[in-house]
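S.K.: coords below, sequence missing:
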């Protein structure tokens, strides 16, 4: 039973302190799956709301089938949870407050879904974990950082997001807004620096897109295989072998990068190859960086210059340097061979320098969502139109005054790490 948008609890609704073990969304009864949406050994399902006590009386059973009293407290309880199936599900209950209950159960997808459906029958509306975070966190920036942390692929990106979770972005926004209100000239520099971090921040939880373009048989597929470290794309001497987009996600210097191999750019006769060329050009238009690959063993032609003019910001690679050089003067670029392992690190270094020319030091503020990026850009636009007060107000709306976020590891009412769940004696 999915919660309808018009019945969702409002983010600004008053609510008790979640650390104290009270309901996160005051007056609402919600069920949230807190573990990953895939099969696993253990799943955690969280019930919140005034109906928790009634659900316990209805569902919690001893091994003999008797109803159980599960009072709030720090110690977990091993029970059998009757979700209406042929057999109750064994689960560990943790009840840190009157209106809070965590069910730790088998992580199979069907088991989890049955327990959630049983909660819906008991009057609990389903929240996604992203919605739950909006109410669990006092700070909207911290909530966004926690959600983004679930998507990151690298430790370096996670470290930057943790800095934002712990207040780097919030503090910077508050400082810049205060400086703008005072008429401090240094505020403009701080705001521009924050805006310069937007491209990096938006790629912390999604990879940079790097599209590999070039004429047929320039070695594009060999290049993506070399950079990925395995045979991702088919390689064949017949021109036009690659006709669809082929991608591989790699990590270079701690940054996630999606490499996209494409069809060779030429006036193709076959309709399928024509489609492949169009897809390659479309991918290049949406890329964060284009790599132009040319075969150094073949003559340099006027068509190659045309590609350079079309993609002036591209990273230029002269490939197949293990072969004799073809005639013609070539523009500056990296001279490499996709078949020489020693040439891979310089290519990756060049990629990283183009994508992240100025990595942020630890603790620096980095906007990392589309909403944050839009707010910073709007504030900068206000400032450039000589309206610092409007710029300050826009930044304050992005980070309204709230208490500091709780630690990621909740300290209150946690069960002792080595204490086993209480077992119900046999009848």
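M.R.: Structure received. Computed from a predicted structure; not experimentally measured.

S.K.: Helices along the stretch 251-400 of the chain, start to end?
M.R.: Counting by DSSP state H, counting those that start in this stretch, the stretch 251-400 of the chain has helices at residues 271-285, 302-310, 344-355, 370-384, 388-398.

S.K.: Out of these, flag the one nearest residue 169.
M.R.: Nearest to residue 169, of all those, is helix 370-384, at 7.3 Å by CB to CB. The C-beta positions use only the backbone N, C-alpha and C, and glycine is treated the same way.

S.K.: measure residue 160 to residue 168 for me?
M.R.: Noted for residue 160: a distance of 9 Å to residue 168, by CB to CB, to the nearest Å.

S.K.: What is the lowest-mean-pLDDT helix or strand in the chain packed up against?
M.R.: Lowest mean confidence among the helices and strands of the chain (mean pLDDT, DSSP states H and E): helix 271-285, at a mean of 81. With contacts taken as 3 or more CB pairs under 8 Å, 6 or more residues apart in numbering; DSSP states H and E, helix 271-285 sits against strand 208-213.

S.K.: What angle do helix 271-285 and the strand it packs on make with each other?
M.R.: When axes from the mean of the first three to the mean of the last three CA atoms, to 10 degrees is applied, the directions of strand 208-213 and helix 271-285 differ by 140 degrees.

S.K.: and strand 208-213, average pLDDT?
M.R.: Strand 208-213 shows a mean pLDDT of 95.

S.K.: what does the next helix-or-strand element following it contact?
M.R.: Using DSSP states H and E, the helix or strand that directly follows strand 208-213 along the chain is helix 220-228. Outside helix 220-228, the residues that touch it by CB atoms under 8 Å, 6 or more residues apart in numbering are 212-214, 231-235, 241-242, 246, 248, 250, 259, 261-262, 264, 291, 293, 317, 319, 338-339, 341, 343-344, 347-348.

S.K.: Repeat that for stretch 314-334.
M.R.: Contact with stretch 314-334 is made by 213, 218-219, 222-223, 289-301, 308, 335-340, 343, 346-347, 350-351, 354, as judged by CB under 8 Å, 6+ apart.

S.K.: Tell me how this structure divides into domains.
M.R.: With domains defined by automatic domain parsing, the chain comprises 5-136, 161-197+361-398, 208-355.

S.K.: so which of the ones you listed comes closest to residue 150?
M.R.: Among those, domain 5-136 comes nearest to residue 150, with 7.9 Å by CB to CB.

S.K.: Mind naming the longest strand for this protein?
M.R.: The single longest strand within the chain, with elements called by DSSP state E, is strand 89-97.

S.K.: how far does stretch 58-76 stretch from start to finish?
M.R.: By CA to CA, to the nearest Å, the extent of stretch 58-76 from end to end equals 18 Å.

S.K.: Buried residues, it. List them.
M.R.: Judged by neighbour count using 16 or more other CB atoms under 10 Å, the buried positions of stretch 58-76 are 59-62, 70, 72, 76.

S.K.: all strands of this structure, in order?
M.R.: Remark: strands assigned in the chain by DSSP E are 30-33, 42-48, 60-61, 77-81, 89-97, 100-106, 125-127, 208-213, 246-252, 255-261, 289-295, 315-319, 334-335.

S.K.: where's residue 153 relative to residue 254, distance?
M.R.: 10 Å.

S.K.: which of the contacts of helix 220-228 count as buried?
M.R.: Buried members of the contacts of helix 220-228, counted by 16+ other CB under 10 Å: 212-214, 232-233, 235, 242, 246, 248, 250, 259, 261-262, 264, 291, 293, 317, 319, 338-339, 343-344, 347-348.
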